[in-house]
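just need the structure, nothing else, for what follows:
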Amino acid sequence: MSEGMRTTTLFLAWAAFRNREGFEIVMPIWARASHPEIAYQFALRNAKGMLWHGAFLGLCEFQEAPTSDETDESMLERPVLPHSIPTKDALLVRMDKKWNSRRPSAEQVEAALAEPPVLFDIPGLSDVKWDALRHSYGTASNIPDHLRGLASVEHQWRDSSLQMLLGLLDHQSESGQVMAACIPFLLWLLANWPPHIEQREELAEALHYEADSADVRDIDQIQTKWETRSKLLRGGIAVAEMVMVEIENRVAVARAFLNAREVLRRLEHDENPVVAEAIRGIQKIIESGFALAARAS
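Residues are numbered from 1 along each chain as shown. Take a look at the predicted model:
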């Protein structure tokens, strides 16, 4: 959200989804903006992109956040999903009347939601044929925008882009080829972001998790996982095929880390101890039998 130096307030929206199992769930979305109208539109746009939660039903609650900082989700009181999703006006009319005299114009809302400038361009991003790759929720054509968002000058834009990426690529067994394509760019960002960028720690820890999840040695564990899923879906999964797909995806991720050893060496002595520890963890994984298995596959 591009609002320059304007005074902003933190808002909390609750988005309703129907997940793959048919259950309706609500998830929090934080938005910092100069007016609730802008925060609502930002939350709405983000919710529509959260494909991993399921089919988006609408925003069912919207309010000024109880604190000035984002609260851990486990500390929030989750609202009860209403029988029908309220309209935007029905939600905004509940806001403090102080906002009535400051209502932004349509042009001001559009300007606030416009993509802000970036710290730098990410080299090589347009060289990847993203349309030819698929994650768990469809084509990977939306991935470059989220990667560019990580280079934004604004914290909220970077944070939103990181959450979108991690959500879309959460299932490595199905999204491994896309994750493998992203790893060089994510490591490049980690090495080139200024030290004060808050997302560095979360990204480093996420990459450590991805490296740890790319072990291709335990084929029995992969086999058991897909057999269990098939039983839950009453035989709706071709187990042998999915085992091979997951192994191929894990190998792709493993090779991406192996090919990034130069930038990993630059990062293992990072001045941020959280980043340095995560990178050293990746280095240890690379030095293990995981690397040999990836080379041999």
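
can you give me the strands in the protein?
Here the chain has its strands, by DSSP state E, at 9-18, 24-33, 55-64, 134-135, 138-139.

quick one: strands adjacent to the second one?
According to DSSP bridges, the neighbouring strands of strand 24-33, each with its direction, are strand 9-18 (antiparallel).

and the angle for the strand it pairs with with strand 55-64?
Angle of strand 9-18 versus strand 55-64, following axes from the mean of the first three to the mean of the last three CA atoms, to 10 degrees, is 150 degrees.

mind putting the strands of the chain into a markdown table with mean pLDDT?
Converted to a markdown table, the strands of the chain look like this (pLDDT from 0 to 100):
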| stretch | mean pLDDT |
| --- | --- |
| strand 9-18 | 94 |
| strand 24-33 | 92 |
| strand 55-64 | 95 |
| strand 134-135 | 86 |
| strand 138-139 | 86 |
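
neighbours around the spatially closest residue to Gly176 that is not a sequence neighbour, how many?
Of all residues beyond its chain neighbours, the one nearest Gly176 is Asn249 (2.4 Å), with distances taken as CB to CB, 6 or more residues apart in numbering. All C-beta atoms are positioned from the backbone trio N, CA, C, and that covers glycine. Burial of Asn249 is recorded as 22 neighbouring residues (other CB atoms under 10 Å).

for Leu166, which of the strands of the chain is the nearest?
Taking CB to CB, strand 134-135 is the member of the strands of the chain nearest to Leu166, at 11.5 Å.

partner strands of the closest one and their direction?
Applying DSSP bridges, strand 134-135 is found paired with strand 138-139 (antiparallel).

follow-up on the earlier one: please report how far the residue nearest to Gly176 lies from His146.
According to CB to CB, to the nearest Å, Asn249 stands 19 Å off from His146.

can you list the weak-confidence ranges in the stretch 51-200 of the chain?
The stretch 51-200 of the chain contains residues with pLDDT under 70 at 171-174.

how does it look with 90?
51-54, 65-83, 93-98, 100-106, 108-109, 111-116, 134-139, 156, 166-177 (pLDDT under 90).

and the helices in it, which stretches?
88-92, 106-113, 143-149, 155-168, 172-192, 199-212 (DSSP state H, counting those that start in this stretch).

pretty sure Ala252 sits against Gly176.
Yes - under the criterion of CB atoms under 8 Å, Ala252 makes contact with Gly176 at 5.3 Å.

more neighbours, the two?
Gly176 (26 against 20).

quick check: closest non-adjacent residue to Thr71.
Nearest residue to Thr71, sequence neighbours excluded (CB to CB, 6+ apart): Ala65, at 7.6 Å.

hang on, that neighbour packs against Ala13?
No - the pair Ala65 / Ala13 is not scored as a contact, 9.7 Å apart, by CB under 8 Å.

so these two - more neighbours on which side?
Shown here are Ala65 and Ala13; by other CB under 10 Å, Ala13 has more neighbours (25 against 19).

neighbours around the nearest residue to that one once chain neighbours are set aside, how many?
With sequence-adjacent residues excluded and distances taken as CB to CB, 6+ apart, Ala13 is closest to Ala43, at 3.7 Å. Ala43: 23 surrounding residues under other CB under 10 Å.

who does Ala13 bridge with?
Taking DSSP bridges as the rule, Ala13 bridges to Ile29, Phe62.

break the protein down into its structural domains.
Per the record, the chain has its domains at 9-113, 125-296, by automatic domain parsing.

so for Leu119, which of the ones you listed sits nearest?
Evaluated over these, closeness to Leu119 peaks at domain 125-296, with 5.2 Å, by CB to CB.

pull the distance from the closest one to the chain's centre.
The chain centre lies 11 Å from the centre of domain 125-296; the measure is CA atoms, centre = their mean, to the nearest Å.

circling back: export the domains of the chain as TSV, with columns for distance to Leu119.
Formatted as TSV, the domains of the chain follow (distance: least, CB to CB, whole Å):
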stretch	distance to Leu119
domain 9-113	19
domain 125-296	5
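
please work out which of these is packed deepest.
When you average the neighbours per residue for each of the domains of the chain (mean count of other CB atoms under 10 Å), domain 125-296 leads with a mean of 17.
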